[in-house]
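Undergrad: dropping a prediction and its sequence here:
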Amino acid sequence: MASGSPDSTSGTSSTGTSSTGTSSSGTQLVKRGFADMFRGGVIMDVVTPEQARIAEEAGACAVMALERVPADIRADGGVSRMSDPEMIQGIQEAVTIPVMAKARIGHFVEAQILQALKVDFIDESEVLTPADETHHIDKWAFQIPFVCGATNLGEAIRRISEGACLIRSKGEAGTGNIVEAVRHLRSITSDIRKLTQADSAELFDWAKRLQAPLPLVQEIAETGELPVPLFCAGGIATPADAGLAMQLGAQAVFVGSGIFKSEDPAPRAKAIVEATTHYMDPDILAKVSRGLGAPMTGIGMDDLDIKLADRGW
Amino acid sequence: MSSTHPRTGVLALQGAFGLHRAVLTRLGEPSTEVRTIEDLLAVDRLIIPGGESSVMAKLADESGMMPVLRGRIEAGMPVLGTCAGAIMLAAEIVDGRVGQPSIGVLDITVRRNAFGRQAESFTTNLVMIDDADPAAEAHDFEAVFIRAPGIERTGSAVATMASYDGQPVMVRQENVIATTFHPELSGDDTVHRLFLNL
């Protein structure tokens, strides 16, 4: 309900209305609210302005600007860092949709730089080489909202307690293999369901086992969902993968290497967008899955040297 | 009292459709998600949510839903468009994705991302006046603007219901209401109540 009574305008003038009071930015309402706008959409990794345009044309609701897609980061090895600001700005100029960018875990100065560049969202990402082995970024200190990865409910709640406004299940980036994303999504949603069944005394033990702040545990037990949106990342390579993530409870999907490491990126990107909207309709999923060429080759979990999902604490 | 209580749909191609449904639930109003032409034909009034307007427009255009939306709204179906939904309704879009289509039933010119990027998103208090109900008192409420569009022109049939910084942010043209802010985020149900009474 409105507090106080408006006294600045009255009557029925069609143009005499006005705003009152002051405006505020960077609040949780504005940051979490923005995260809600990506629901039902696809956020695509891009490394050039040209790829960003292809993604926008295909129906991406945002792009993630980075120097190398995770599959290449994995293949190249070495230290992976925030992208060159020039490259991020090139992508910002190329498209009209929101542009996200990645900072290393704990690297709050990279995040400060990304905020100065006015990226729309910062991903504190395990895909890059961590800068701090104990601390994540204090995300409350930023005007720009953050997304963070999580493999389980405790990790998700810890990131939210640090100020993350959006959680993505981590999966295993750069593999084209959905198995880890499924494991992480199922782990998060199944523990949320269990929380809603716990009695008030059991929630103390849940907080201890999850290594997560009690008030957030109690809130999730009450509402049956995270207080921020839950998206899926790490391994989506086909429209069916996107449908699977959505039916398992993700509210939107991130696609990294899956698009631009495939044989024919544009039609695959478009098909994944349609699959994310119509995730419950197998007839439409069948239609959009046809004739897309080869997906990215993909990697089995046993063949991995490094598990990126293990980064973050 | 009638046995044909209007069925409320929320366009669910992309965006914050779930939050609008939560507001409707709070108001005791059942709703369905609209993703196809068949879904659309099964509802009597529609909310077009916030989200990415270029994505919604593309999906609505390619599935052939755009002319059906236009036809239903022109035939009098009540509709509420918020943020991206306002862009979808607008007769003219500035700074859209190249060739971005719209339903075009609301005689306004709207500029996409008029306030800038997320860093410029904000909340403020607005005063709303309902010309259609002169007896109603002006109502003060919190409004959330996220990468919001700006309404740069309103046609003669369009009434301004609220403004910010001298520019319209809530407008009405007969059965069409559009806001450049997000009434589904603030917890104030005024705009939704107005829509349900259209």
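TA: Done, it's in. Numbers count the residues shown, from 1 in each chain, chains lettered A, B, ... in the order given.
Undergrad: just say helix, strand or coil for the residue nearest the centre of chain A.
TA: Nearest to the geometric centre of chain A sits A:Arg168, at 4.6 Å (C-alpha atoms, centre = their mean). Look at A:Arg168: counting by DSSP: H, G, I helix; E, B strand; the rest coil, its state is strand.
Undergrad: one more: the one 3 residues further on?
TA: Local secondary structure at A:Gly171 is given as coil here, using three-state DSSP.
Undergrad: can you count the residues close to it?
TA: 29 (other C-beta atoms under 10 Å in any protein chain shown). (Each C-beta comes from the backbone N, C-alpha and C, glycine too.)
Undergrad: for chain B, see how far away it is.
TA: For A:Gly171, the distance to chain B equals 21 Å [C-beta to the nearest C-beta, to the nearest Å].
Undergrad: how close does the nearest residue to that residue once chain neighbours are set aside get to chain B?
TA: Among residues not flanking A:Gly171 along the chain, A:Gly234 sits closest, at 2.1 Å (C-beta to C-beta, 6 or more residues apart in numbering or on different chains). The gap separating A:Gly234 from chain B is 21 Å, by C-beta to the nearest C-beta.
Undergrad: what pLDDT is listed against A:Gly234?
TA: As predicted, A:Gly234 sits at a pLDDT of 96.
Undergrad: sec struct for it, please.
TA: coil.
Undergrad: so which residues of chain A form helices?
TA: Along chain A, counting by DSSP state H, helices occupy A:28-36, A:49-58, A:70-76, A:85-94, A:108-116, A:153-161, A:179-197, A:200-210, A:214-223, A:239-247, A:257-260, A:265-277, A:282-288.
Undergrad: on the pLDDT front, check residue 134 for me.
TA: Defaulting to chain A. On the pLDDT scale, A:Thr134 is placed at 96.
Undergrad: meant chain B actually
TA: According to the model, B:Pro134 scores 63 on pLDDT.
Undergrad: quick one, helices of chain B?
TA: B:17-26, B:37-41, B:53-62, B:65-74, B:84-89, B:190-196.
Undergrad: so where's chain A uncertain?
TA: For chain A, applying pLDDT under 70 flags the ranges A:1-21.
Undergrad: and if we set it to 80?
TA: A:1-22 (pLDDT under 80).
Undergrad: measure A:Ser83 to A:Met100 for me?
TA: Separation of A:Ser83 from A:Met100 (C-beta to C-beta, to the nearest Å) stands at 11 Å.
Undergrad: so where's chain B shaky on pLDDT?
TA: B:1-3, B:130-138.
Undergrad: contacting residues for the spatially most central residue of it?
TA: Nearest residue to the geometric centre of chain B (C-alpha atoms, centre = their mean): B:Gly81, 0.9 Å. Counting by C-beta atoms under 8 Å, 6 or more residues apart in numbering or on different chains, B:Gly81 touches B:47-48, B:87-89, B:106, B:176-179.
Undergrad: what pairs with A:Ser24 across the strands?
TA: As for beta bridges, A:Ser24 partners with B:Thr123 under DSSP bridges.
Undergrad: surely it meets B:Ser121?
TA: No: with contacts counted by C-beta atoms under 8 Å, A:Ser24 stays clear of B:Ser121, the gap being 10.2 Å.
Undergrad: overlap in contacts, those two.
TA: Jointly contacting A:Ser24 and B:Ser121 under the rule C-beta under 8 Å, 6+ apart are A:Val30.
Undergrad: of the two, who's got more company?
TA: Neighbour count, other C-beta under 10 Å: between A:Ser24 and B:Ser121, B:Ser121 has more, with 27 against 11.
Undergrad: distance of that one relative to chain A?
TA: Remark: distance between B:Ser121 and chain A (C-beta to the nearest C-beta) = 5 Å.
Undergrad: what sits against the residue nearest to B:Glu184 when sequence neighbours are not counted?
TA: Of all residues not flanking B:Glu184 in the chain, B:Leu19 sits nearest, at 4.2 Å (C-beta to C-beta, 6+ apart). Counting by C-beta under 8 Å, 6+ apart, B:Leu19 makes contact with A:36, B:49, B:184-185.
Undergrad: and the nearest residue to A:Ser161 once chain neighbours are set aside, how close does it get to chain B?
TA: Excluding the flanking residues, the one nearest A:Ser161 by C-beta to C-beta, 6+ apart is A:Pro213, at 5.0 Å. Distance of A:Pro213 to chain B, computed by C-beta to the nearest C-beta: 24 Å.
Undergrad: now for A:Ala221: which residues touch it?
TA: Contacts of A:Ala221 were listed using C-beta under 8 Å, 6+ apart, and they are A:195-196, A:198, A:203, A:206.
Undergrad: surely A:Gln143 meets B:Ala119?
TA: Yes: using C-beta under 8 Å, A:Gln143 makes contact with B:Ala119 at a distance of 5.9 Å.
Undergrad: comparing the two, which residue is more hemmed in?
TA: B:Ala119 (18 against 15).
Undergrad: tell me how many other residues surround B:Met77.
TA: Counted with other C-beta under 10 Å, B:Met77 comes out at 20.
Undergrad: can you count the residues close to the residue nearest to it when sequence neighbours are not counted?
TA: Once flanking residues are discounted, B:Met77 sits nearest to B:Arg45: 6.0 Å by C-beta to C-beta, 6+ apart. Counted by other C-beta under 10 Å, the residues lying close to B:Arg45 total 21.
Undergrad: which residues touch B:Arg45?
TA: Taking C-beta under 8 Å, 6+ apart as the criterion, B:Arg45 is in contact with B:6-9, B:77-79, B:195-196, B:198.
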